[in-house]
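>>> Take this sequence and fold it.
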Amino acid sequence: MVEITITHLTGARRNAVETFATLPLKLGRAGECQVRFDPEQDAKVSATHAELRGDGEGGLVVVDLGSKNGVLVNGVRVDGSAGVPNHAVLEVGAGGPRLKLTFQQGASAISFSRLRAPAPGSAAERPNLRTTDETPAYQEADLEPTTRSAPPARGSNAGALIALAVVLVGAAVVAFVVLRGG
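From the prediction side, this is the model:
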C-alpha cells in the first residue's frame with residue numbers, strides 16, 4: 001500500500017493537505033476527480049487534467065489526460081506520462097497550481113482519504129523545496145505570498161480545541177476499526 005500526501009503550494013487551495021491510500025487519482029476540476037481544483041480560480045486546470053498511477057515498483061507516474069495546458073514535474077513538461085520522484089513538485093497546467101507530492105510504501109492500513117489541514121509553519125519557516133536529488137525545484141520567492149495570521153490571544157481556547165480534535169479523530173478511528181470487525 002502506498003500513502004500519498006499532496007500539499008497544495010499555490011492556487012485556490014494553497015496550504016491544503018490531502019492524504020490518499022489508493023491509486024489511481026484523477027486531478028482536475030470535474031466532480032469525478034479525487035484531487036479537485038476551483039473551476040474559476042484555477043482556470044489553467046482542465047476538467048480531467050491528469051492522473052497519478054502506481055509504477056508497479058512502489059513509485060508514482062503522472063499521466064497527462066490530454067489537458068490543454070500540460071503537466072510539469074519539477075519544472076519539466078510531461079509528454080504523455082512520466083515518473084514522479086518522491087517530494088516532487090507537480091504543476092497542473094503551465095502557470096497553474098503547484099502541488100508537492102510525498103509518498104511512502106507500506107503505509108498504515110487505516111488512512112483518511114481527502115484529509116485537509118493547513119501546511120505546517122509559515123513560508124518563512126520552511127526551507128526551499130527540493131527534489132530528491134537535492135536540486136531546487138523552484139525558489140520560495142516563486143510561490144504566492146503567504147498571509148500571516150495573528151497568533152492566538154493569550155488565554156485562548158486554541159490548545160483545548162486542538163486536543164478535542166485529536167480525541168474526536170481517535171474515537172472515529174476506533175469506531176471505524178470496531179465497525180469493520182478488525
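
>>> List the buried residues of the helix or strand of the chain with the lowest mean pLDDT.
Sorting the helices and strands of the chain by mean pLDDT, DSSP states H and E puts helix 158-180 at the bottom, at a mean of 80. By neighbour count with 16 or more other Cβ atoms under 10 Å, helix 158-180 contains no buried residues. The way it works is simple: take the backbone N, C-alpha and C, and place the C-beta from them, glycine included.

>>> Just the C-alphas of that helix, formatted as CSV.
Provided in CSV are the C-alpha atoms of helix 158-180 (Å, rounded to 0.1, in the frame of the first residue of the first chain):
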residue,chain,number,x,y,z
ALA,A,158,-6.8,27.0,20.7
GLY,A,159,-5.0,24.3,22.7
ALA,A,160,-8.2,22.9,24.0
LEU,A,161,-9.7,22.8,20.6
ILE,A,162,-6.7,21.0,19.1
ALA,A,163,-6.8,18.5,22.0
LEU,A,164,-10.6,17.9,21.4
ALA,A,165,-10.0,17.4,17.6
VAL,A,166,-7.3,14.8,18.4
VAL,A,167,-9.6,13.0,20.7
LEU,A,168,-12.5,13.0,18.2
VAL,A,169,-10.3,11.7,15.4
GLY,A,170,-9.0,9.0,17.7
ALA,A,171,-12.6,8.0,18.6
ALA,A,172,-13.5,7.9,14.9
VAL,A,173,-10.6,5.6,14.1
VAL,A,174,-11.6,3.3,17.0
ALA,A,175,-15.2,3.3,15.8
PHE,A,176,-14.2,2.6,12.3
VAL,A,177,-12.0,-0.4,13.3
VAL,A,178,-14.7,-1.8,15.6
LEU,A,179,-17.4,-1.5,13.0
ARG,A,180,-15.2,-3.1,10.3
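
>>> Dump stretch 98-105 to CSV, restricted to CA.
Provided in CSV are the C-alpha atoms of stretch 98-105 (Å, rounded to 0.1, in the frame of the first residue of the first chain):
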residue,chain,number,x,y,z
ARG,A,98,1.6,23.6,-7.8
LEU,A,99,1.5,20.5,-5.6
LYS,A,100,4.2,18.8,-3.6
LEU,A,101,3.8,15.0,-3.7
THR,A,102,5.2,12.9,-0.9
PHE,A,103,4.6,9.2,-0.8
GLN,A,104,5.7,6.2,1.2
GLN,A,105,5.4,2.4,0.7
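
>>> Would you mind measuring from Asp79 to Leu72?
Computed as Cβ to Cβ, to the nearest Å, the Asp79 to Leu72 distance reads 11 Å.

>>> Tell me which of these two has more neighbours.
A direct count of neighbours by other Cβ atoms under 10 Å for Asp79 and Leu72 places Leu72 higher, at 23 against 9.
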